[in-house]
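Visitor: got a predicted structure plus its sequence, pasted below:
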Amino acid sequence: MYELRRIFFDLRRWLILLLIAAVNLALFAGYCRTVPEVTEQEQAAYETYLNGGYADYLERVSAQSDEQALLGTLRPATDFVTRNLQRTRADYARLAGTVVTAGENRGLRALCDFHITDYLLLIAPMLLAVSFAAERRTEITAMLRTAKKGRVPLTLWRMAALALLSAISVAVLYGSDLVFAHGFFGDPGYARTIQSSPDFQLCAYRVTVGGYLLRTAILKACAVWLISAAVWLIWGMLHTLPAAIGSGVLLGAQFLFWRLILPTSTRNPLKFCNLFAMLSPETFFLRYANLNIFGSPRGFLPGMITAGTVFGLLCTVLLIVLIGICRPMTLGAGAAAVTDRIAKFRSRHLQRLSRFGYEGRKILISEGGVLVLAAAGIWCVSLVRTVDVQLPLNYRIEQLYNRFEGEITEEKRADCQTQIAWYEGEIDEREKKIERLMDSPDPPLDWIQAIRDEIANLQEWLDLYRAFADRMDALTAYTAETGYDAWLVRQNGWQTLFTETAQVRRCCMALLIVTVFLFAPVMAYENRSGAGPLLRSTRHGRGGLLRCKLLWTALLVLITAAGFHAVYFAALQKTGMLVLPEAPMHSVDLLRFVPVHCSLRTAAAGLYLLRWLVTLAAALAVLLISRFSKNPQAALLTALSVLLLPAALAELGLPVPDPVRLLAISAQ
């Protein structure tokens, strides 16, 4: 009990959890704002699904199973295929009579698609597990083990603390996502069946929405405890370098199995009987699959639970025996000697680095900057798959833009007026034709209706040509009045580029997080050992060292900002709306307040230059915080509190300063 008090009365641990929750909620809120509204076609399809669509699906599954079973009698089939068909038919037969009701489904889908929460859940428990392993290498462990309760009982209490912190992390982070989704999208209807959402049509379990959310939270908590316990076991038994390699290999292999193996593969037990599968249990309710266990089909959810139980029991036994009973030992200590020899060889035989090179090595290697950059790269790749820009497209308007866009000339204006006169003549001719037909003794109503449809179509084209003519007249008048050239260009794409959208905020929030983690240790690294005053007492430790730090800061900010902003720019470029970049900037209505002559290409470059400067200012603010912090951990917590916490609160709609809005500076 005293161990629980020591762990959970640590204010810093709660502060870390609070900051993680704030970051997670800010990211989830930004993601929810990118979810599109339900279209009329989607609503119609949903109503069809509710009014017999799901029942028809169950009938089709049963019929397909019977057909495949009949085909199996005509050609050889394996025992697994036959048993799998029987199990599939039996699983879906239990769902007969399931009632599906209407409700809000977008929140459920957002919870399923947003996987960043799953990985943020691991931070606080894994930090606690690593602290247990680090404490095992200190002198206090030998003193604690002299007491009877300092061995197995202490290990059991720490296992309980790890489990409790895992549950609290899931309750805080996943619970905050659920509360926000409820408030943002609406009540999902916790009492209705999970099959009421078309996304869960394949689910073979009778469960309500509330029951699904509860089961998901429990499985996530178990997965977090299992991963943290495995990390504790590895770091408690191995030296730092082998422990990092061992835990990286274990978790990396599990993650690759989970991501790369296909659900229908014969190796799908490696995919679903997996720690990361348990960490993302939504998959077991979104799809249907059976595991091939020695030729016998087994449900993938029971299989995953069985594998997790076995792994949990194994971790428990090994922790009790190796951590609680056996005396402290650290395997792989020879790795430290190997790294020392490599460092000595490098210092003797390789060319010495310059002051700029040593500073870069310290930031990237010693302070873990290369890991932050690697995480940023992975994050950019994940954003490429999720950031999508949807712009309205009208094929008639596109045809007119293809015909008239660019510099406005008298020929284009005359051509537009000619088309207007032609359409007006065609409409008048058809209206007169309708009058003649109506005066006949037996007017052909079908023919008259067809002519009226033609008139409606011609009128739409006429209205568009008149709008384009008015637009060209307005741009010509603007040029004559102000002296700024203005061309006829598509407005949607360029206005979206120069405005602050939800997708831009997502990228800028990610950029702010990477900036904080990358630059928080830069100045505090020397303060941790008291080397800061000593360095500043030397000739090159003041201005020269500071210039190196600032140069590296500017370079790394350029790399990270270019990566995250390129994600959004590439998504916008795919729409095909960023045409005529050589057009004058004042061709876009949003940019007419800028008293500068330049092209849209130059204006876009200036926008991203301005955003890079704002990001650089945020990085300098982090450096300032780091300068007055005693160690990198304190600098990181302070920077998160000063920059990330207000951003998270602003994302929730509270009236606080919003750093992300500064990073996403726009022309609005």
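Guide: Yep, that arrived.

Visitor: quick one: the helices in the stretch 501-650 of the chain, in order.
Guide: 502-519, 521-528, 531-536, 543-573, 600-627, 632-639, 645-651 (DSSP state H, counting those that start in this stretch).

Visitor: go on, the stretch 301-450 of the chain?
Guide: Listed in chain order, the helices of the stretch 301-450 of the chain (DSSP H, counting those that start in this stretch) span residues 334-349, 355-361, 369-386, 395-404, 410-439, 445-482.

Visitor: out of those, which is closest to Asn492?
Guide: When those are ranked by proximity to Asn492, the top entry is helix 395-404, at 9.8 Å, counting by Cβ to Cβ. For every residue, glycine as well, the C-beta is placed using N, CA and C.

Visitor: name the helices or strands packed onto that closest one?
Guide: With contacts defined as 3 or more Cβ pairs under 8 Å, 6 or more residues apart in numbering; DSSP states H and E, the packing partners of helix 395-404 are helix 410-439, helix 445-482.

Visitor: least confident of the helices of the stretch 501-650 of the chain, on average?
Guide: The stretch with the lowest mean pLDDT among these is helix 531-536, at a mean of 65.

Visitor: domain map for the protein?
Guide: According to automatic domain parsing, the chain comprises the domains 2-34+107-347, 43-97, 357-391+493-663, 408-484.

Visitor: who wins for proximity to Gln399 among those?
Guide: Across these, Gln399 has its closest neighbour in domain 408-484 (9.0 Å, Cβ to Cβ).

Visitor: where do the helices sit along the stretch 101-250 of the chain?
Guide: Here the stretch 101-250 of the chain has its helices, by DSSP H, counting those that start in this stretch, at 106-113, 116-120, 123-136, 139-144, 152-169, 175-185, 209-237, 240-260.

Visitor: for those, which one ends up most surrounded?
Guide: Per-residue neighbour counts averaged over each of those give the maximum for helix 209-237, namely a mean of 22 (mean count of other Cβ atoms under 10 Å).

Visitor: residue furthest from the geometric center of this structure?
Guide: Pro441 (69.2 Å; Cα atoms, centre = their mean).

Visitor: circling back: mean pLDDT and distance to Gly299 added to the helices of the stretch 101-250 of the chain, as a markdown table?
Guide: Rendered in a markdown table, the data for these read as follows (pLDDT from 0 to 100; distance: least, Cβ to Cβ, whole Å):
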| stretch | mean pLDDT | distance to Gly299 |
| --- | --- | --- |
| helix 106-113 | 90 | 19 |
| helix 116-120 | 89 | 22 |
| helix 123-136 | 84 | 28 |
| helix 139-144 | 67 | 44 |
| helix 152-169 | 90 | 25 |
| helix 175-185 | 91 | 26 |
| helix 209-237 | 91 | 14 |
| helix 240-260 | 83 | 18 |
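
Visitor: so which of those is nearest Tyr31?
Guide: Each of the helices of the stretch 101-250 of the chain was scored for nearness to Tyr31 using Cβ to Cβ, and the closest is helix 106-113 (6.6 Å).

Visitor: may I have the closest one as CSV, with CA atoms only?
Guide: Included here for helix 106-113 are C-alpha records, laid out as CSV according to Å, rounded to 0.1, in the frame of the first residue of the first chain:
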residue,chain,number,x,y,z
ARG,A,106,-19.8,9.4,-37.1
GLY,A,107,-18.5,9.5,-33.5
LEU,A,108,-18.1,5.8,-33.4
ARG,A,109,-16.3,5.8,-36.7
ALA,A,110,-14.0,8.6,-35.5
LEU,A,111,-13.1,6.6,-32.4
CYS,A,112,-12.3,3.6,-34.6
ASP,A,113,-10.1,5.5,-37.1
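
Visitor: packing partners of that helix?
Guide: The criterion is 3+ Cβ pairs under 8 Å, 6+ apart, and the helices and strands that helix 106-113 contacts are helix 11-32, helix 175-185.

Visitor: circling back to that earlier point, and of the helices of the stretch 301-450 of the chain, who's closest to Leu652?
Guide: Across the helices of the stretch 301-450 of the chain, closest to Leu652 is helix 369-386 (Cβ to Cβ), at 20.9 Å.

Visitor: in the closest one, which residues are buried?
Guide: Within helix 369-386, the residues scored as buried using 16 or more other Cβ atoms under 10 Å are 369, 372-373, 375-376, 379-380, 383.

Visitor: what's it in contact with?
Guide: Under the contact criterion Cβ atoms under 8 Å, 6 or more residues apart in numbering, helix 369-386 has outside partners 31, 34, 113, 363-364, 506-507, 510, 514, 517-518, 556, 559-560, 563-564, 566-567, 570-571.

Visitor: what mean pLDDT does that helix get?
Guide: Summarised as a single mean, pLDDT over helix 369-386 is 86.

Visitor: from here on, count from 619
Guide: Yep, numbering from 619; the last one is helix 987-1004 now.

Visitor: that one: how far from the chain's middle?
Guide: In this view, helix 987-1004 has its centroid 10 Å away from the chain centroid, taken as Cα atoms, centre = their mean, to the nearest Å.

Visitor: same question, stretch 717-726
Guide: Taking Cα atoms, centre = their mean, one finds the center of stretch 717-726 at 23 Å from the center of the full chain.
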